[in-house]
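Asker: next input, structure requested:
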Amino acid sequence: MLPYKNDQGKTEFIVSSEGKFNGLLYVCSMDEERPLKGIAIKDEVHVTRMEVFETDKANEQLLTVAYDDGDVELIIDQIWDKRMSIKYHDTHTGQITGTAFSGKQANFFLTSGKDGLIYVHQFDKTCAVEECKFDPLANVEGANFLPAEEKK
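Answerer: Numbers count the residues shown, from 1 in each chain. Have a look, this model is predicted:
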């Protein structure tokens, strides 16, 4: 479970589960009886670690979701549909045990695995945020009426 602040400043949390409810991350609020959203993850993987990092800009957050197959997904400002995937650890022995960013500017991203290896990734936070928020269909006439499959 990982608590974080949404874009309105309210505390929400992400829950991961094994067994019957594996395959989804659930975004929940203490004010609601049911999850607000279910986010699909890859089949047959389990979440090993989730962390949230505050950046140097107000209300900007980087969430990391790490998996037992060595994959890490970065989620910027709760834009769940545009997750960045980073995979460098081995599937069998590289289960992710920790993630970290280098300070509030987040120039570097570190991952550690069960295999004992630590990887340092150079990370351009400004470019990643701009790419995540970019909408190629903005200002395109009629885009609001396209079926979701055609928008992709």
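Asker: could you give the mean pLDDT of whichever helix in the chain runs longest?
Answerer: For the chain, the helix with the greatest residue count under DSSP state H is helix 125-133. What helix 125-133 shows for mean pLDDT is 76.
Asker: buried stuff in it?
Answerer: Buried residues in helix 125-133, defined by neighbour count with 16 or more other C-beta atoms under 10 Å: 125, 128-129, 132. Where C-beta positions appear, they are placed from N, C-alpha and C, glycine not excepted.
Asker: pull the CA atoms of that helix into PDB?
Answerer: C-alpha atoms of helix 125-133 as PDB (Å, rounded to 0.1, in the frame of the first residue of the first chain):
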ATOM      1  CA  LYS A 125      12.600  14.700 -15.400                       C
ATOM      2  CA  THR A 126      11.600  17.800 -17.400                       C
ATOM      3  CA  CYS A 127      11.400  15.900 -20.700                       C
ATOM      4  CA  ALA A 128       9.600  13.000 -19.100                       C
ATOM      5  CA  VAL A 129       6.900  15.300 -17.600                       C
ATOM      6  CA  GLU A 130       6.400  17.100 -20.900                       C
ATOM      7  CA  GLU A 131       6.100  13.900 -22.800                       C
ATOM      8  CA  CYS A 132       3.700  12.400 -20.300                       C
ATOM      9  CA  LYS A 133       1.400  15.500 -20.400                       C
END
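Asker: so how far is that helix from its chain's centroid?
Answerer: 13 Å (C-alpha atoms, centre = their mean, to the nearest Å).
Asker: now do stretch 100-111
Answerer: Relative to the centre of its chain, stretch 100-111 is centred 15 Å away, using C-alpha atoms, centre = their mean.
Asker: what comes into contact with that stretch?
Answerer: Applying C-beta atoms under 8 Å, 6 or more residues apart in numbering, the external contacts of stretch 100-111 come out as 51, 53-56, 62, 66, 72, 74, 86, 88-89, 96, 98-99, 118-125.
Asker: picking that back up, which one among the buried residues of helix 125-133 gets closest to Lys5?
Answerer: Distance to Lys5, by C-beta to C-beta, is smallest for Val129 among these, at 16.7 Å.
Asker: where do the strands sit along the chain?
Answerer: Along the chain, counting by DSSP state E, strands occupy 2-5, 11-16, 24-29, 37-40, 47-54, 61-67, 71-76, 84-87, 96-101, 108-113, 118-122.
Asker: just the residues contacting the fifth one, thanks.
Answerer: Contacts of strand 47-54 from elsewhere in the structure, counted by C-beta under 8 Å, 6+ apart, are 1-4, 14, 16, 25, 41, 60-68, 95-101, 104, 106.
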